[in-house]
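S.K.: Quick one, what's the 3D model for this:
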Amino acid sequence: MSEIDEFSALIENTEVVKQALRSLREELAYLLSSICRHYENTGKPVPDHHLQLVGYMGEASLKGLVASGMVTQQPGGSFSLYCYEPTKEGQKLYKKLKEDGFYSK
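M.R.: Below you'll find the predicted structure:
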């Protein structure tokens, strides 16, 4: 095991890092829910200025949703750089989260 692996194993077992990872997972689910709800209500992609992204974690969450294929990034309009639209897979996961009782902001 390399030094970085040992360090990572040690640090990832701390309560602080476990809580940060839980928070990141929940932030991804909240963001997907927000995009899907907006899309359900309007039938249009969500402009970036409608999303509540806070700092690095917010940006990382959005990039994670795009990279995982849950949402697509499109060119924005006159007030936004980009717009985001849930994919079929993202909508399916959102519905499962709702059925499971996941509260979304």
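S.K.: Strands of this protein, start to end?
M.R.: Shown for the chain, the strands assigned by DSSP state E span residues 46-47, 71-75, 82-86.
S.K.: Which of those sits closest to residue 22?
M.R.: Closest approach to residue 22 among those (CB to CB): strand 71-75, 21.5 Å. No exception for glycine: its C-beta is placed from N, CA and C like everyone else's.
S.K.: Other residues contacting that closest one?
M.R.: For strand 71-75, the surrounding residues in contact (CB atoms under 8 Å, 6 or more residues apart in numbering) are 32, 35, 45, 62, 65-66, 82-87, 90.
S.K.: Give me the PyMOL select line for these, limited to the buried ones.
M.R.: Buried residues among the contacts of strand 71-75 (16 or more other CB atoms under 10 Å), as a PyMOL selection:
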select buried, resi 32+35+45+62+65+82+83+84+85+86+90
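S.K.: Just list what the longest helix anywhere in the chain packs against, helices and strands only.
M.R.: Secondary structure of the chain read by DSSP state H shows that its longest helix is helix 15-42. Packing partners of helix 15-42 (3 or more CB pairs under 8 Å, 6 or more residues apart in numbering; DSSP states H and E): helix 3-12, strand 46-47, helix 55-67, strand 82-86, helix 88-99.
S.K.: Count the neighbours of the closest residue to residue 23 other than its chain neighbours for me.
M.R.: In space, and not counting its chain neighbours, residue 23 is closest to residue 57: 7.5 Å by CB to CB, 6 or more residues apart in numbering. Using other CB atoms under 10 Å, residue 57 is surrounded by 14 other residues.
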